[in-house]
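Visitor: what's the 3D shape of this:
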Amino acid sequence: MDLVIGIIIVMFLFMIFSYIILNKLYNIAINSRTDKSFVLDANKNQSSDSISRNHDEEIQWFKKYPKTEVYIESFDYLKLHAYRMECDSKSSNWVIVSHGYFGNVEQLSHVIKNFIENDFNVLAIEARGHGKSSGDYIGLGWYDRIDILNWIKYLNDHIDNSNIVLYGISMGAASTMMASGEELPKNVRCIIADCGYTSAYEEFSYQVKKLYKLPPFPILNIFDVFVKLKTGYSLKDVNVIKQLNKNQTPILFIQGDQDTFVPSYMIEKLYDSTLVYKKKLIVKNAEHAESYYKNPVLYWDTVYSFINEQINDKVKSFELSKKESN
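Guide: Predicted coordinates for the structure are as follows:
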């Protein structure tokens, strides 16, 4: 009898200990309202912090530039926030800009400024659980893919005859690639995906080994069940490769060859899984989200060349089809 009681007590204590550990991991990785300094500091500059540094001038520009705050409701009743910013020219070209993990719109001020100055209007969205968007957990791209579809719908409901480009960096890139596997409107011309991961499960496996020096199995499998119970989605649901297999939109992949936050080998998997028109840019000596810092001329020349190619080709095709039908 004493043995049975002892076993029950041990099991009970083990369950409590396991819950404490799993909850701590959840707070570190998924809870959007807790400090992420452990993950970001452990990866040094390989974080959303690297996205925002060295552009104080652009941040000040962003704060002063005319903008409209926009809110929409998500499918699960969250209030999602974005800034709508229009260039001086009467352009019909729009870019939906998606930031990275534990980031916000302001951290991409330099990207937004560049697009605006090159006659692109911008809808700078804040992911659920980030910035002014509501939500208690980070979607990692799973629910975010649907949110992006709703932001596209917002633009199409308010702007006539627009060309839309999806631009994302890090988790924002993963989110846009996840959205690419859904049915996108035909005026979404192309996607720019800068340093996105192949899947949340693979990224977390990589981080568990890197940060904790532990094998992913069985820790990550148990953690995945815990995440599913808390959020309704599994890390395995966030399968960018699977979504790219269904993608019908031209896509440009960008990666720094020294990226150790989202390891640089992932770009090859992403590229190989894409069956439509695609290009890739690998920037030498660039860490995570640093490609535009290391070689801004190459970065933006490649981005605009790709965008202009897709917009011009599709606009010409559309005009020809209209003439033929008359």
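Visitor: quick one, helices of the stretch 51-200 of the chain?
Guide: Listed in chain order, the helices found in the stretch 51-200 of the chain under DSSP state H, counting those that start in this stretch are 56-64, 109-117, 142-158, 171-180, 200-212.
Visitor: could I have the last one exported to PDB, CA atoms only?
Guide: Output of helix 200-212 as PDB, limited to C-alpha atoms (Å, rounded to 0.1, in the frame of the first residue of the first chain):
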ATOM      1  CA  ALA A 200       7.700  25.700 -37.200                       C
ATOM      2  CA  TYR A 201       8.500  22.200 -36.000                       C
ATOM      3  CA  GLU A 202      11.800  22.200 -37.800                       C
ATOM      4  CA  GLU A 203      12.700  25.700 -36.600                       C
ATOM      5  CA  PHE A 204      11.900  24.700 -33.000                       C
ATOM      6  CA  SER A 205      13.800  21.500 -33.300                       C
ATOM      7  CA  TYR A 206      16.800  23.500 -34.400                       C
ATOM      8  CA  GLN A 207      16.400  26.000 -31.500                       C
ATOM      9  CA  VAL A 208      16.000  23.200 -28.900                       C
ATOM     10  CA  LYS A 209      19.300  21.700 -30.000                       C
ATOM     11  CA  LYS A 210      21.000  25.100 -30.200                       C
ATOM     12  CA  LEU A 211      19.700  26.700 -27.000                       C
ATOM     13  CA  TYR A 212      19.300  23.700 -24.700                       C
END
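Visitor: so what touches it?
Guide: Helix 200-212 is contacted by residues 29, 39, 42, 140-142, 174, 197, 214-216, 219-220, 223-224, 235-239, 260, 262-263, 266 when judged by C-beta atoms under 8 Å, 6 or more residues apart in numbering. Where you see a C-beta, it was placed from the backbone N, CA and C, and this is true even at glycine.
Visitor: and with 7 Å instead?
Guide: With C-beta atoms under 7 Å, 6 or more residues apart in numbering as the test, helix 200-212 has contacts from 42, 140-141, 197, 214, 216, 219-220, 235-236, 238, 262-263.
Visitor: compare these and tell me which has the most neighbours.
Guide: G141 (32 neighbours; other C-beta atoms under 10 Å).
Visitor: rewinding a little: quick one, which of the helices of the stretch 51-200 of the chain is nearest to K294?
Guide: Closest to K294 of these is helix 109-117 (C-beta to C-beta; 13.5 Å).
Visitor: quick one: mean pLDDT for the closest one?
Guide: What helix 109-117 shows for mean pLDDT is 96.
Visitor: next, the angle from it to helix 56-64.
Guide: 60 degrees (axes from the mean of the first three to the mean of the last three C-alpha atoms, to 10 degrees).
Visitor: which helices and strands does helix 109-117 pack with?
Guide: helix 56-64, strand 93-98, strand 121-126 (3 or more C-beta pairs under 7 Å, 6 or more residues apart in numbering; DSSP states H and E).
Visitor: strand partners (parallel or antiparallel) of the second one?
Guide: With DSSP bridges as the test, strand 93-98 is paired with strand 121-126 (parallel), strand 163-169 (parallel).
Visitor: can I get the ones you listed in TSV with mean pLDDT, distance to E86 and mean neighbour count?
Guide: Output for the strands paired with strand 93-98, formatted as TSV (pLDDT from 0 to 100; distance: least, C-beta to C-beta, whole Å; neighbours: other C-beta atoms under 10 Å):
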stretch	mean pLDDT	distance to E86	mean neighbour count
strand 121-126	98	5	25
strand 163-169	98	14	26
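Visitor: got these as a markdown table, with distance to I96 columns?
Guide: Output for the strands paired with strand 93-98, formatted as a markdown table (distance: least, C-beta to C-beta, whole Å):
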| stretch | distance to I96 |
| --- | --- |
| strand 121-126 | 5 |
| strand 163-169 | 5 |
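Visitor: do you know which of those lies nearest Y19?
Guide: Between the strands paired with strand 93-98, strand 121-126 lies closest to Y19; by C-beta to C-beta that is 31.2 Å.
Visitor: where does pLDDT dip in the protein?
Guide: For the chain, the stretches with pLDDT under 70 are 1-4, 6-15, 17-18, 36-54, 313-326.
Visitor: redo that, cut-off 90
Guide: Flagging of the chain using pLDDT under 90 yields the residue ranges 1-25, 28, 32-56, 89-90, 102-103, 208, 210-219, 312-326.
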